[in-house]
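**Student:** Any chance you can model this:
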Amino acid sequence: MTFITIATAPKPFTNPHISTIQRNALQSWLHLGPDVEVFLVGDEAGMAEVAAEYGVRHLPNVVRNDRGTPLVSSIFNVTRQASSSPLIAFANTDMLLLPDFIEAARKVYGQIQKFLMVGTRWNLDVTELLDFSLGWDERLYTQAKTQGSMHPPVGSDYFIFPRQCYQNIPNFAVGRPMWDNWMMYHARRQRWPLIDVSMHVMVIHQSHDYSHLPGNRPPYHMPEALNNIKLAGGKRRYISVGDADYELVDGQVRPMHLTWARFWRSVEVFPVVKIDSYFLAEVFFAVFHPSKAWGEWRGRLVYKLRQLMGKNNA
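**Tutor:** Below is the predicted model:
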């Protein structure tokens, strides 16, 4: 039995650069050793051929939304059904993983039964197939440190959790905003340790454009993004890596060191992570971010007025 199953939902392998970075990611995962099993979930162009080439499991039968985008809930379900490992990981197919990914998972799993491991990524420009000969991980670590940059602690490009967790989740569209934030929100709400391993795990994001999306633009304002926000229960359930309440220190899972910034942020998110009151979350957000709150409320009012005017003119 493998220790961890890494599932991913690749983009089509038709774009040369996307194909290159996805192949690099898969190679890095496969070089993590025999305790790792890799699943490609979905049936995008070129996926079956790449799965056969690298000898990884291909799970094509995934439920999609009306726009053809795989649902995270289905990805998790088919992965759980096809695997027997105690831990399940999801990672975006542009992420390079190093051996510290597995080492940290082992340390956490040995201490806690239910948890969610997350972390901040490093961004690195990669344009060609990488060399995975002996010492590949050390070379990538050095390259990321010298040529890359650390991303802000917002969303997470990977998750590790025990297989008994996240058995019922909303039908989020994968690759669209907010579902990753909901994962972290749910962990906090369930009182599972949300563990930030950023200081001990280097995960490298291979930078790319958005040519696979309409208009070559990020997905933040796409209808699927708005639907993900709705499924998550609204913007106030936005929990990020910076809201993790535990960290990995010298191999031990410990409560996050409290600073003034963390204290005030914990006050701000208290209504959603402790008592699940969206009304109070809106009030607290307005107190902490009055300009943003006013902008949101004004936008909602304008939208409602336009709807009302449209009905009256019909």
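
**Student:** For the stretch 51-200 of the chain, which segments count as strands?
**Tutor:** 57-59, 87-91, 95-97, 116-118, 122-124, 149-150, 158-162, 194-196 (DSSP state E, counting those that start in this stretch).

**Student:** Just checking: what are the partner strands of the first one?
**Tutor:** Strand pairing for strand 57-59, determined by DSSP bridges: strand 36-41 (parallel).

**Student:** Report the distance from the strand it pairs with to the chain centre.
**Tutor:** Taking CA atoms, centre = their mean, to the nearest Å, one finds the center of strand 36-41 at 16 Å from the center of the full chain.

**Student:** what's in contact with it?
**Tutor:** Identification of contacts with strand 36-41 by CB atoms under 8 Å, 6 or more residues apart in numbering yields 2-10, 26, 29-30, 47, 50-51, 54, 56-59, 62, 70, 75, 78-79, 82-83, 85, 102. Placement of C-beta: from N, CA and C, glycine included.

**Student:** So which of those are in helices?
**Tutor:** Counted as lying in helices by DSSP state H, out of these, are 26, 29-30, 47, 50-51, 54, 75, 78-79, 82, 102.

**Student:** are any of the contacts of strand 36-41 buried, and which?
**Tutor:** For the contacts of strand 36-41, burial is judged from neighbour counts taken by 16 or more other CB atoms under 10 Å, and it is met by 2-10, 26, 29-30, 47, 50-51, 56, 58-59, 62, 70, 75, 78-79, 83, 85, 102.

**Student:** Just the CA atoms of stretch 84-95, as CSV, please.
**Tutor:** Output in CSV follows, covering the C-alpha atoms of stretch 84-95 (Å, rounded to 0.1, in the frame of the first residue of the first chain):
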residue,chain,number,x,y,z
SER,A,84,-6.0,2.8,-0.6
SER,A,85,-3.4,5.2,0.8
PRO,A,86,-4.0,6.8,4.2
LEU,A,87,-3.2,10.3,2.8
ILE,A,88,-4.6,12.0,-0.3
ALA,A,89,-3.0,15.0,-1.9
PHE,A,90,-4.3,17.2,-4.7
ALA,A,91,-1.8,19.4,-6.5
ASN,A,92,-2.1,21.6,-9.6
THR,A,93,-0.3,20.0,-12.6
ASP,A,94,2.2,22.9,-12.8
MET,A,95,3.6,22.3,-9.4
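
**Student:** Give me the buried positions along that stretch.
**Tutor:** Buried residues in stretch 84-95, counting neighbours by 16+ other CB under 10 Å, are found at 85, 87-95.

**Student:** Now do that stretch, average pLDDT.
**Tutor:** For stretch 84-95, mean pLDDT is 96.

**Student:** quick check, distance from it to the centre of its chain.
**Tutor:** Using CA atoms, centre = their mean, the mean C-alpha position of stretch 84-95 is found 10 Å from that of the whole chain.

**Student:** Contacts made by that stretch with the rest, please.
**Tutor:** Residues from elsewhere that reach stretch 84-95 (CB under 8 Å, 6+ apart): 1-11, 18, 21-22, 25-26, 29, 37, 72, 75-76, 79-80, 97, 105, 109, 121, 157-163, 175, 203-206, 208.

**Student:** switch to 7 Å and redo it
**Tutor:** With CB atoms under 7 Å, 6 or more residues apart in numbering as the contact definition, stretch 84-95 has outside contacts at 1-8, 10-11, 21-22, 25, 37, 79-80, 97, 105, 109, 121, 157-163, 203-206, 208.

**Student:** Filter those residues down to the buried ones and express that as a ChimeraX selection.
**Tutor:** Buried subset of those, written as a ChimeraX selection, criterion 16+ other CB under 10 Å:
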select :2,3,4,5,6,7,8,10,11,21,22,25,37,79,80,97,105,109,121,157,158,159,160,161,162,163,203,204,205,206,208
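
**Student:** so where's the stretch 1-150 of the chain uncertain?
**Tutor:** Counting by pLDDT under 70, not a single residue of the stretch 1-150 of the chain qualifies.

**Student:** Which residue ranges make up each domain of this structure?
**Tutor:** As assigned by automatic domain parsing, the chain contains the domains 4-241, 258-313.

**Student:** Deepest-packed of those domains, please.
**Tutor:** Among those, the stretch with the highest mean neighbour count (mean count of other CB atoms under 10 Å) is domain 4-241, at a mean of 18.

**Student:** In space, what's closest to Y166 - neighbours in sequence excluded?
**Tutor:** F76 (5.9 Å; CB to CB, 6 or more residues apart in numbering).

**Student:** Sounds good, over and out.
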